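Q: Structural data only, the sequence is not supplied:
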C-alpha cells in the first residue's frame, strides 16, 4: 500500500456510522470539541486569516464551524460532510453568523471544489480520506496563492487499545508522511501532535463512546457474546488503571500556506 493511501475504507459504511451517531455525537465527542477549539486558536496564532471564501471539510454537527464563524467574518462559507443531515444541521446552526452558506454534501474526494478560496479548514476528518495526497493537491488548486490550509488529523497511536486487541483500525499518517504530502504545494507553518486520553468505568462504556461518536466506521465485524466477553477480559487485563479504562487519541495540528507561483 502506498503512503497516503488507505485500502480499508468503505465510505458508505463510514457515513452510516456517523449518521447513526447524529443524536449522540454532540454530547459524546469531547475530544473532537477540544481539538476544534485548539485548531482555531492555533490558526489565529500563526496567521492573519483572510476569510472571504472558506471551505470546511467534514463539518459534522458544526462545532468547528460555529467557533470559526464567531472568530472571523466570513462572506461565503462552503460546508461539506459525507452525511447530508450534518450539513443541514450545521447550516442552521451558523446561518446568522456568515454572509452565505453553500452545502457540498458527499465524499470530498470526488467533489468539484470551489475556486479562489481564502481558507480550507478541517478538524478530525482527514484520517478518513482514501487518498490524502490527491485531496491536498485538489485543495491547493482551489486555494488562492498565499492562502491557508488548517487541519487536525488523528495520528498513529489513536485508539491503540482497540487495535492492540483486535489487530484492526485506521491507517494513520505520521507527521513525516504528512510533511511529504504537503511539500509540493504548501509551506508548513506549524505542525505538532498532542495526546489525549479518556477514561471509562467499563469496556462497554468504551464501546458505547465509540458508537456514539461514529468513529467505528472502519470495522464491520459483529461479535457474538463470547467474543465480546473475551475482548472485555483482555481490555481490563491489559489496560486497567486507577483512573479507569483508557482510550487514547493522538491529534496532529497543521497550519500550511499555499506556495506562491514563482515569477519567471
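A: Nice, I can see it. Note that the structure is a prediction, hence the values are computed from the model and not measured.
Q: C-alpha only now, for contacts and for neighbours.
A: Noted.
Q: For the single longest helix found in the chain, the averaged confidence score.
A: Ranked by residue count under DSSP state H, the longest helix found in the chain is helix 30-46. Per-residue pLDDT values over helix 30-46 give a mean of 94.
Q: so how far is it from its chain's centroid?
A: 12 Å (C-alpha atoms, centre = their mean, to the nearest Å).
Q: For that helix, name the packing helices and strands.
A: Contact partners of helix 30-46 among helices and strands, from 3 or more C-alpha pairs under 8 Å, 6 or more residues apart in numbering; DSSP states H and E: helix 63-71, strand 117-123, strand 143-154, strand 186-200, strand 245-258.
Q: Run through who's touching the following helix or strand past it.
A: Helices and strands here follow DSSP states H and E; after helix 30-46, the next one along the chain is strand 53-57. With C-alpha atoms under 8 Å, 6 or more residues apart in numbering as the test, strand 53-57 has contacts from 65, 74-81, 108, 116-123, 125.
Q: Out of those, which end up buried?
A: Burial by neighbour count, judged by 16 or more other C-alpha atoms under 10 Å, picks out 65, 74, 76-81, 108, 117-123, 125 from the contacts of strand 53-57.
Q: and residue 204, what does it touch?
A: Contact partners of residue 204, counting by C-alpha under 8 Å, 6+ apart, are residue 232.
Q: Turn the helices and strands packed on helix 30-46 into a markdown table, columns for distance to residue 89 and mean pLDDT.
A: Formatted as a markdown table, the entries for the helices and strands packed on helix 30-46 read as follows, by distance: least, C-alpha to C-alpha, whole Å; pLDDT from 0 to 100:
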| stretch | distance to residue 89 | mean pLDDT |
| --- | --- | --- |
| helix 63-71 | 11 | 94 |
| strand 117-123 | 17 | 97 |
| strand 143-154 | 21 | 96 |
| strand 186-200 | 27 | 97 |
| strand 245-258 | 25 | 97 |
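Q: would a markdown table of the ones you listed with distance to residue 88 be doable?
A: What follows is the helices and strands packed on helix 30-46, written out as a markdown table (distance: least, C-alpha to C-alpha, whole Å):
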| stretch | distance to residue 88 |
| --- | --- |
| helix 63-71 | 13 |
| strand 117-123 | 17 |
| strand 143-154 | 22 |
| strand 186-200 | 30 |
| strand 245-258 | 27 |
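Q: coming back round to it: report the buried residues of the longest helix of the chain.
A: If you call a residue buried by 16+ other C-alpha under 10 Å, then helix 30-46 has these buried ones: 32, 33, 35, 36, 37, 38, 39, 40, 42, 43.
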